[in-house]
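1. Sequence first, then the predicted structure, then my questions.
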Amino acid sequence: MKITRVSEEMSFKNPHKIQAKKIFESPDATVVHMTLNPGESLMSHVTPVDVFFYVLAGEPTIEIGDEKEKVSADSIIESPADIPHRVYNESETTAKFLVVKLPKSK
């Protein structure tokens, strides 16, 4: 059994300049734990694979294509491949979420 303790993982440098920790990687999937402090955001970007977001805490706003919605903990949001998407935190509390890429990006 392999156990990953997110609190012990190191954040990696990313173009969004936010706290991001790769917590799982296999040939079939990648999972990244992201933290957005109030006012922080991911830049709009596309991925060549399907992605879903699982919100752990806070109330981030997720924008996919022309749609956007403020979401809360225990929400899963699907983002199809090749559609621009971003996540931002306009709230006054920290937002934490998982980004799952299926299959993982090449």
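-> The structure has been received and is ready for your questions. None of the values given here were measured: they were computed from a predicted structure.
2. What distance do you get for residue 56 to residue 12?
-> According to Cβ to Cβ, to the nearest Å, residue 56 stands 18 Å off from residue 12. (Each C-beta comes from the backbone N, C-alpha and C, glycine too.)
3. Neighbour count: these two, which is higher?
-> Remark: of residue 56 and residue 12, residue 56 carries more neighbours, 16 against 10, as counted by other Cβ atoms under 10 Å.
4. Got phi/psi on that one?
-> When read as degrees, to the nearest 10, the backbone of residue 56 gives phi -90, psi -40.
5. So it sits against residue 96, correct?
-> Yes: Residue 56 lies in contact with residue 96 (Cβ atoms under 8 Å); the separation is 4.3 Å.
6. Where does residue 7 sit: helix, strand or coil?
-> Three-state call for residue 7 (DSSP: H, G, I helix; E, B strand; the rest coil): helix.
7. immediately after the helix or strand encompassing residue 55, which helix or strand?
-> If you go by DSSP states H and E, residue 55 is part of strand 50-57. Next in sequence after strand 50-57, counting helices and strands by DSSP H and E, comes strand 61-64.
8. That following strand - what's its average pLDDT?
-> Average pLDDT, strand 61-64: 98.
9. name the helices or strands packed onto that strand?
-> Strand 61-64 is packed against strand 67-70, strand 76-79, strand 85-88, with contacts defined by 3 or more Cβ pairs under 8 Å, 6 or more residues apart in numbering; DSSP states H and E.
10. and those strands as JSON lines, adding distance to residue 23?
-> JSON lines is the format used below for the helices and strands packed on strand 61-64 (distance: least, Cβ to Cβ, whole Å):
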{"stretch": "strand 67-70", "distance to residue 23": "25"}
{"stretch": "strand 76-79", "distance to residue 23": "17"}
{"stretch": "strand 85-88", "distance to residue 23": "17"}
